[in-house]
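A.B. asks: this one's sequence-less:
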């Protein structure tokens, strides 16, 4: 479609697949939106997102948004599976205290992502898998668990800092190593 810009009404729920494959859509104001459904903006040309007021992000909501470079999430946001999967130009993410408990593979294959700072409770399975440019991860004092393959394929990762006095738990049998 030729759609490039969208203005939404306050308190609207953006339904599943509403703007999927709108490949020219580069701007949308989500300031007053609380819920974004599944596959809603998949494969669009969005470049920057302020999701500070969004409370729920459905599965695959922004998957394959290859022009997306910057995202800000709100503290009360519950993030679904693969929301930003394969956003290959995503460099900066402000996770705040967003709830990532169900966000498996959320940032997987975001190959330009360089640094993460997170102070929620859990890093789910594969959340940053194959983020080859990821260099630094700072985990706040609230992070209490890191699940399977959270950093699998993060070949550039050289710093993992944890503010908590007790390190986060890992699944039974899993060790955490960084291969060079």
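C.D. replies: All right, it came through fine. Model, not experiment: these values are computed from the prediction. Numbering: from 1, shown residues only.

A.B. asks: show me where this structure has helices.
C.D. replies: Here the chain has no helices by DSSP state H.

A.B. asks: in it, what helix or strand scores lowest on average pLDDT?
C.D. replies: Sorted by mean pLDDT, DSSP states H and E, the helices and strands of the chain end with strand 13-14, the least confident at a mean of 78.

A.B. asks: from the contact counts, what lies against that strand?
C.D. replies: Judged by 3 or more Cβ pairs under 8 Å, 6 or more residues apart in numbering; DSSP states H and E, strand 13-14 is in contact with strand 35-36. Placement of C-beta: from N, CA and C, glycine included.

A.B. asks: contact partners of the strand it packs on?
C.D. replies: With Cβ atoms under 8 Å, 6 or more residues apart in numbering as the test, strand 35-36 has contacts from 13-14, 30, 51, 54-58, 61.

A.B. asks: starting from that strand, tell me which strands it pairs with and how they run.
C.D. replies: Using DSSP bridges, strand 35-36 pairs in its sheet with strand 13-14 (parallel), strand 56-57 (parallel).

A.B. asks: buried sites along stretch 17-37?
C.D. replies: For stretch 17-37, a neighbour-count test (16 or more other Cβ atoms under 10 Å) marks 19-20, 22, 25-26, 28, 30, 33-37 as buried.

A.B. asks: just checking, residue 110 touches residue 82?
C.D. replies: No: contact criterion Cβ atoms under 8 Å: residue 110 and residue 82 do not qualify, at 10.9 Å.

A.B. asks: for residue 49, give me its contacts.
C.D. replies: Residue 49 neighbours (Cβ under 8 Å, 6+ apart): 30, 62, 68, 70-72.

A.B. asks: picking that back up, what is the nearest of the buried residues of stretch 17-37 to residue 7?
C.D. replies: Using Cβ to Cβ, residue 28 comes nearest to residue 7 of the buried residues of stretch 17-37, at 7.9 Å.

A.B. asks: sorry, back to before: contacts for the least confident helix or strand of the chain, please.
C.D. replies: With Cβ under 8 Å, 6+ apart as the test, strand 13-14 has contacts from 8, 30, 33-37, 40.

A.B. asks: now the closest residue to residue 171 other than its chain neighbours: how far from residue 17?
C.D. replies: Closest residue to residue 171 apart from its sequence neighbours, by Cβ to Cβ, 6 or more residues apart in numbering: residue 148 at 5.4 Å. With distances taken as Cβ to Cβ, to the nearest Å, residue 148 is found 30 Å from residue 17.
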